[in-house]
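>>> Structure for the following, please:
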Amino acid sequence: MTLDPDQTGPIAIGGKAREWTATVVGAHRLREDLTVIRLIGEFVPFAAGQSVEVRTPQHPNMVRRLYPALPPSMDGKLEFHVRTVPGGWCSGSLVSDTRTGDEWRISNPAGWLAVDPEAPEVVMVADGVGLAPLRALLLDMSRREDPPRTTLFVGGRYPRDLYASDMLHLLTGELPWLTVLPVVLDDEDPVRADNWYEACRVDIGFRPEEMIPGSLDEVVGRFAPLVHHQVLVCGGAAAVHATVERLVATGTPPENIRYEGF
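Residues are numbered from 1 along each chain as shown. Prediction:
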């Protein structure tokens, strides 16, 4: 999926431009390069797994496309996971400068990440903040009477990149049909400290022995072919493309795979 950071203009519904407003109620800096932003406002009619366009006070004339990490909520709750993109001044200011009380304008839900109602088993692959839409889908699936058995691979370069390990650990305890497999390229964090990580460190999460070493595409490829699974992949473009190519090369039917990279 290709996004144009200079695109402007709200969605037109029935020929009439439409935006929804939401107010930031919390901006939680979890890493030096990552913030979880929570908002409450008007109901936004998106589907779990989709992305939306946002305008913020920091860049009122610039549109950025983000993925809600919660399914649609009638009480207007929204959550976004924002990570600094190298060289990306817009994402950097969202991570460092978002404040409680900021008003966001939201428009144009789009995307095709979704879990088919008849999928017998599901595999999800999240690179970094690509976890956000997959988490929204997991919470949406939890409302079903009989959710499909689901395996979620979450990947990062270092263990501390797995920013939601505590949330995922708790989620597996609540959802017996969910298995989470953490994947890291390096099994030790870098020597350089991340003060934000140290400040919010908790004891709940993945133990070192639970983490699978390797890249996402390598590790997921070991489980292929995924002939009877629906596969959803989301994250950085390079990791997504490598994972999809590995899956197809190892026998997973392309029609079984949905993916979005950014």
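>>> got the phi/psi numbers for Thr56?
With angles defined as degrees, to the nearest 10, Thr56 sits at phi -120, psi 160.
>>> Okay, now the unreliable bits of the stretch 151-262 of the chain?
Judged against pLDDT under 70, the stretch 151-262 of the chain has no low-scoring part.
>>> Could you rerun that using 90?
Low-confidence segments of the stretch 151-262 of the chain (pLDDT under 90): 202-204.
>>> and the helix ranked longest in the chain, which residues are buried?
The longest helix of the chain (DSSP state H) is helix 237-249. Neighbour-count burial for helix 237-249 flags 239-240, 242-244, 246-247 (criterion: 16 or more other C-beta atoms under 10 Å). C-beta here means a position set from N, CA and C on the backbone, and glycine is covered the same way.
>>> Isn't Val95 up against Leu30?
No - the pair Val95 / Leu30 is not scored as a contact, 9.9 Å apart, by C-beta atoms under 8 Å.
>>> neighbour count winner among the two?
Ranked by neighbour count (other C-beta atoms under 10 Å), Val95 and Leu30 place Val95 first, with 23 against 19.
>>> tell me the contacts of the more buried one?
29, 33-35, 82-84 (C-beta atoms under 8 Å, 6 or more residues apart in numbering).
>>> Domain parsing of this structure, as residue ranges.
Domain ranges of the chain: 11-110, 121-261, per automatic domain parsing.
>>> Who does Val183 form a beta bridge with?
Val183 has these beta-bridge partners by DSSP bridges: Gly155, Ile212.
>>> Distance-wise, check it relative to Met62.
33 Å (C-beta to C-beta, to the nearest Å).
>>> what about the two, which has more around it?
Taking other C-beta under 10 Å, Val183 and Met62 do not tie; Val183 has more neighbours (22 against 15).
>>> Surely that one touches Arg157?
No - at 10.2 Å, Val183 does not count as touching Arg157 under the criterion of C-beta under 8 Å.
>>> quick one on the thing from earlier: so which two of the buried residues of helix 237-249 are the farthest from each other?
Spanning the widest gap among the buried residues of helix 237-249 are Ala239 and Leu247, at 12.5 Å by C-beta to C-beta.
>>> thinking again about what came up before, in CSV, list the contacts of Val95 along with secondary structure and distance to Val220.
Compiled in CSV, those are given as follows (DSSP: H, G, I helix; E, B strand; the rest coil; distance: C-beta to C-beta, whole Å):
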residue, secondary structure, distance to Val220
Arg29, strand, 30
Asp33, coil, 24
Leu34, strand, 23
Thr35, strand, 28
Val82, strand, 25
Arg83, strand, 21
Thr84, coil, 26
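>>> now those residues: which count as buried?
Taking 16+ other C-beta under 10 Å as the criterion, what is buried in those is 29, 33-35, 82-84.
>>> Quickly list what the closest residue to Leu39 other than its chain neighbours is bridged to.
Excluding the flanking residues, the one nearest Leu39 by C-beta to C-beta, 6 or more residues apart in numbering is Ala22, at 3.9 Å. Bridge pairing for Ala22 (DSSP bridges) gives the partners Gly41, Trp104.
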